[in-house]
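A.B. asks: Generate a structure from the sequence data that follows.
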Amino acid sequence: MHQKRGQVAMEFLMTYGWAIIIILLAVAALWLLGVFSPSVTTTCQIEAPFTCQDAVISDNSIIINLGTAQTQSATVTSITVNGQACPTIINSALTPNTVTTVKCLGLTLKEKEKTAIQITTSYKKKGGGLTHSAEGTISGQASRGSYVYDNDPDLLLAYDFDGGPIDLTGNGYSATLTGGVDCTVQGKRGNACSFNGTDLNYYQISPVSPELPASNFAFSFWFYLDNDAVSRGVWQYLLHPSGFRLYQHDGDNQLYFYNTGAQLIGWAPSSGEWHHLACSVIADDNVICYGDGQKKAINQPTGGFTSSSQITLTTTSSGGNDLPMDGKLDELAIYTRVLTDEEMIEHSKL
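C.D. replies: Okay, here's the model as predicted:
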């Protein structure tokens, strides 16, 4: 009798045990696919006479496209994110009858953190009169933001190129455009600035240029080559400030970093796709570069950096065989410190 009961119990475990295991495996697979933690949809609402066209929530920024109609003037007076005041608001003054991209920068949210955002505005009706207020709300989940929006005290200048080369750091190093540079083209994220490869097609900081130290600085940016240097038969400059030059050689499409001597970065990026480049110039005259998140075998400088230099960030040159790039730039940041290897790799994950 006991033997029969034991056999029945074993058959029960064999039959239903496998079923339980299969169910557990299915639940685990669904968990890995994110079924039990679905993404949160971003919503944006605001009182009339304003309209919220779109909003993007990142771990370090909130980007909002706000429109206003039938107003004489309108201003975003405050943005609160999860109960904390926004550190920096860019484009707070709205232009009537158009869509303005308002940016809240310097946040320190966690990626995938759920957010509740309150917007407060003030406005005057068309024709003048009293000042009124309106409020709005945004909710969603934070995604990875661009490094140009970080609240980094060592950011010398930062451009996302949305609306042109406007400095996002508050240091006042916005640039002027020359020769019909188009900053309305699609970039790696948002808009980029497109250069047609002529020596009259560039941008430079005016009237005051930032000053780089002789060492311990870094730069990071995304670029897209419409045509490479070999096909153009010229050295094409991605960055050409007075302090250093970064160019693609017409002999082999390799990138070179030049100050007192040419240093081969050891990378020939292809045309027709976006690439990321980050380089750190270190105190002992070493230059470390990462291309698309991979460390490059740059050779050592010959002579190092002799002095600090005023950079103008032009992509123009003297002409002839040296010309600006034929392509696009996006998400440019220059630092007065060295970027770590981990930071340069992280920048390439945008």
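A.B. asks: who's in contact with the residue positioned nearest the centre of the chain?
C.D. replies: In the chain, the centroid-proximal residue (C-alpha atoms, centre = their mean) is residue 146; its distance is 3.2 Å. In this structure, residue 146 makes contact with 58, 60-61, 160, 189, 331, 350, judged by C-beta atoms under 8 Å, 6 or more residues apart in numbering. Glycine gets a C-beta too; all of them are placed from N, C-alpha and C.
A.B. asks: roughly how far is stretch 72-83 from the heart of the chain?
C.D. replies: Centroid displacement of stretch 72-83 relative to its chain, using C-alpha atoms, centre = their mean, to the nearest Å, is 23 Å.
A.B. asks: Please apply the same query to stretch 340-350.
C.D. replies: On C-alpha atoms, centre = their mean, the centre of stretch 340-350 falls 12 Å from the chain's centre.
A.B. asks: so how far is stretch 166-176 from its chain's centroid?
C.D. replies: 15 Å.
A.B. asks: Next: stretch 226-233.
C.D. replies: 26 Å.
A.B. asks: re earlier: show the model's pLDDT score for the residue nearest to the centre of the chain.
C.D. replies: pLDDT, residue 146: 95.
A.B. asks: and if you look at residue 338?
C.D. replies: pLDDT recorded at residue 338 is 92.
A.B. asks: now residue 14
C.D. replies: What the model reports for residue 14 is a pLDDT of 64.
A.B. asks: again, but for the one 5 residues further on
C.D. replies: According to the predicted model, the pLDDT of residue 19 comes to 68.
A.B. asks: And stretch 133-142, how far out from the chain middle?
C.D. replies: Distance, centroid of stretch 133-142 to centroid of chain: 22 Å (C-alpha atoms, centre = their mean).
A.B. asks: shaky segments in the stretch 201-350 of the chain?
C.D. replies: For the stretch 201-350 of the chain, applying pLDDT under 70 flags the ranges 206-209, 214, 241-243, 259-261, 283-285, 299-321.
A.B. asks: Okay, helices next: where are they in the stretch 1-150 of the chain?
C.D. replies: Along the stretch 1-150 of the chain, the segments classed as helices by DSSP state H, counting those that start in this stretch run 2-32.
A.B. asks: can you map out the helices along the stretch 251-350 of the chain?
C.D. replies: 341-347.
A.B. asks: quick revisit: which of the contacts of residue 146 has the largest number of neighbours?
C.D. replies: When neighbours are counted by other C-beta atoms under 10 Å, residue 160 leads these with 28 neighbours.
A.B. asks: which non-adjacent residue is nearest that residue?
C.D. replies: residue 148 (5.1 Å; C-beta to C-beta, 6 or more residues apart in numbering).
A.B. asks: Next up, the contacts around the one you found.
C.D. replies: Residue 148 touches 155, 158-160, 168, 331-333, counting by C-beta under 8 Å, 6+ apart.
A.B. asks: Looking at the record's assignment, how would you partition this protein?
C.D. replies: Domain segmentation of the chain under automatic domain parsing yields 43-144, 148-347.
A.B. asks: Check those for me and report the most buried one.
C.D. replies: domain 148-347 (a mean of 19; mean count of other C-beta atoms under 10 Å).
A.B. asks: now the end-to-end length of that one.
C.D. replies: Terminal residues of domain 148-347 are spaced 10 Å apart (C-alpha to C-alpha, to the nearest Å).
A.B. asks: Just give me how far stretch 116-135 sits from the chain centre.
C.D. replies: 31 Å.
A.B. asks: Contacts for it, please.
C.D. replies: With C-beta under 8 Å, 6+ apart as the criterion, stretch 116-135 contacts 46-50, 57, 62, 64, 68, 70-82, 94, 96, 136-139.
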